[in-house]
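Chemist: the sequence and its predicted three-dimensional model are supplied below.
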Amino acid sequence: MTTPWFPTMAMRNKALEIGERLRATYHAEGPARGHTARLPAVDEVVLTFLSQSTTDINSWRGYQALKARYPNWAAMAAAPVSEIEATIRLCGLARQKAPRIKAFLQRLREERGELSLEFLRALPPDEALAYLQSFHGIGRKTASCVLLFSLDMPAMPVDTHVLRVARRLELIPPKTSAEQAHDLLESLLPEEWYLPFHVNMIAHGRQTCTARRPACERCPIYDLCPYGQRLLAERAA
């Protein structure tokens, strides 16, 4: 029988120590993308749609292309899907992304009477999260990014880097899914740590704890990583 996972004090202390060291190493404090500006929540949704299965540079270029073509999101919501698709073609998967973005904007305008998500600030975080996830194409990570980066609400976005590094550090069980990891990691950290922990885990996953051939020999948290210790022992054998 598998031992139930529980966020012990030792695990919480380990997560905080990891967070402290990663912040001292990478100094990341904002969204782990090609820009540092805090975007309005609707813009963050659009950008996150664009970022799916492409690079940060391409998604930011696609976002800028939309902002240059349309004076506001209402104008884009009224535009033909084919026109939106052509505008964001450089992002890849434009045929999927264009109708999803348009549908998101249209539904939001129909339900709220305006293209704004600022009303979410007045909701409990779990209700705000659920509302965002009710839109087609918006999953837990996207919704969490919007809450964390644009609305100053507590959420822990989990992407492939965060998931991989957290598993290797054994902060979460080895077979934990990305969906499960959001809640587990949130339970390990104080809310004020969600943003720095998230962005520095991504930096660590990109620069050091890569999917292939992680650089364990220069890892700032090697002594806290069972995976890294096993890997270096295997390399030395």
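Modeler: That came in fine, so what should we check first?
Chemist: in the chain, which spans are helices?
Modeler: With helices called from DSSP state H, the chain shows them at 9-26, 41-51, 56-69, 73-77, 81-87, 94-112, 125-133, 140-145, 160-168, 178-188, 194-207, 226-236.
Chemist: can you redo the ones you listed as a markdown table with mean pLDDT and mean neighbour count?
Modeler: The way it works is simple: take the backbone N, C-alpha and C, and place the C-beta from them, glycine included. Putting the helices of the chain into a markdown table (pLDDT from 0 to 100; neighbours: other Cβ atoms under 10 Å) gives the following:
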| stretch | mean pLDDT | mean neighbour count |
| --- | --- | --- |
| helix 9-26 | 96 | 16 |
| helix 41-51 | 93 | 23 |
| helix 56-69 | 93 | 17 |
| helix 73-77 | 96 | 18 |
| helix 81-87 | 96 | 16 |
| helix 94-112 | 96 | 17 |
| helix 125-133 | 97 | 16 |
| helix 140-145 | 94 | 23 |
| helix 160-168 | 97 | 20 |
| helix 178-188 | 95 | 18 |
| helix 194-207 | 95 | 22 |
| helix 226-236 | 91 | 13 |
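Chemist: okay if I get these as a markdown table plus distance to residue 220?
Modeler: Compiled in a markdown table, those are given as follows (distance: least, Cβ to Cβ, whole Å):
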| stretch | distance to residue 220 |
| --- | --- |
| helix 9-26 | 5 |
| helix 41-51 | 27 |
| helix 56-69 | 23 |
| helix 73-77 | 41 |
| helix 81-87 | 41 |
| helix 94-112 | 36 |
| helix 125-133 | 31 |
| helix 140-145 | 25 |
| helix 160-168 | 12 |
| helix 178-188 | 19 |
| helix 194-207 | 8 |
| helix 226-236 | 11 |
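Chemist: which of these sits closest to residue 151?
Modeler: When the helices of the chain are compared by Cβ to Cβ, helix 41-51 sits nearest residue 151, at 5.6 Å.
Chemist: now the closest one and helix 125-133, what's the angle there?
Modeler: Angle of helix 41-51 versus helix 125-133, following axes from the mean of the first three to the mean of the last three Cα atoms, to 10 degrees, is 60 degrees.
Chemist: by contact count, what packs against helix 41-51?
Modeler: Counting contacts by 3 or more Cβ pairs under 8 Å, 6 or more residues apart in numbering; DSSP states H and E, helix 41-51 is packed against helix 56-69, helix 94-112, helix 140-145.
Chemist: tell me which of the ones you listed lies nearest to residue 18.
Modeler: Closest approach to residue 18 among these (Cβ to Cβ): helix 140-145, 19.3 Å.
Chemist: so which elements touch the closest one?
Modeler: Short answer (3+ Cβ pairs under 8 Å, 6+ apart): helix 140-145 packs on helix 41-51, helix 125-133, helix 178-188.
Chemist: what's the second one in contact with?
Modeler: In this case it means helix 125-133. For helix 125-133, the external contacting residues (Cβ atoms under 8 Å, 6 or more residues apart in numbering) are 45, 117, 120-121, 123, 138-140, 142-144, 146-147, 151, 153-155.
Chemist: turn the helices and strands packed on helix 41-51 into a markdown table, including distance to residue 180.
Modeler: Below are the helices and strands packed on helix 41-51 laid out as a markdown table (distance: least, Cβ to Cβ, whole Å):
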| stretch | distance to residue 180 |
| --- | --- |
| helix 56-69 | 26 |
| helix 94-112 | 25 |
| helix 140-145 | 10 |
